[in-house]
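Peer 1: Using only what follows, build the 3D model:
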Amino acid sequence: MTKKQQSFAESIEQLEEIVRSLEKGDVPLEDAISLYQEGMKLSQSCHTQLEKAEQQLVKMMDQNGNETELNLQKEAE
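Peer 2: Sure, this is the predicted structure:
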């Protein structure tokens with residue numbers, strides 16, 4: 001059975017719930033470790049989804065309908 005990937009909003013909501021549980025401090029250590037690991041997986045999933053969205057946003061179509069990437073350079077501080 002294939003597990004459907006959660007939407008970004010669902011992942012963030014679940015991550016927030018994990019953080020709230022851990023912040024309460026009344027979670028047994030073993031459960032806290034499991035929650036932390038699950039939270040890290042959700043965080044990585046969210047990061048990957050954001051990167052994919054960013055890649056889509058920096059592309060644009062030229063006048064001939066060809067995809068081109070915008071040149072977005074970060075300024076050095």
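Peer 1: how many other residues sit next to residue 42?
Peer 2: 20 (other Cβ atoms under 10 Å). Yep, even glycine has a C-beta here, placed from its N, CA and C like the rest.
Peer 1: swap in the one 10 residues further on?
Peer 2: Residues lying near residue 52 (other Cβ under 10 Å) number 11.
Peer 1: Return the residues in contact with it.
Peer 2: Not one residue lies near residue 52 by Cβ atoms under 8 Å, 6 or more residues apart in numbering.
Peer 1: Check the gap between it and residue 21 for me.
Peer 2: 28 Å (Cβ to Cβ, to the nearest Å).
Peer 1: Check residue 10 too.
Peer 2: On the measure of Cβ to Cβ, residue 10 and residue 21 end up 17 Å apart.
Peer 1: low-scoring pLDDT stretches of the chain, where are they?
Peer 2: Within the chain, the ranges that satisfy pLDDT under 70 run 1-4, 60-65, 69-77.
Peer 1: quick one, strands of it?
Peer 2: Using DSSP state E, the strands found in the chain span residues 59-61, 67-69.
Peer 1: Can you pick out the residue with more neighbours from residue 10 and residue 21?
Peer 2: For residue 10 versus residue 21, neighbours defined as other Cβ under 10 Å are more numerous around residue 21 (15 against 11).
Peer 1: correct me, but the more buried one touches residue 27?
Peer 2: Yes. Counting by Cβ atoms under 8 Å, residue 27 is a contact partner of residue 21 at 5.7 Å.
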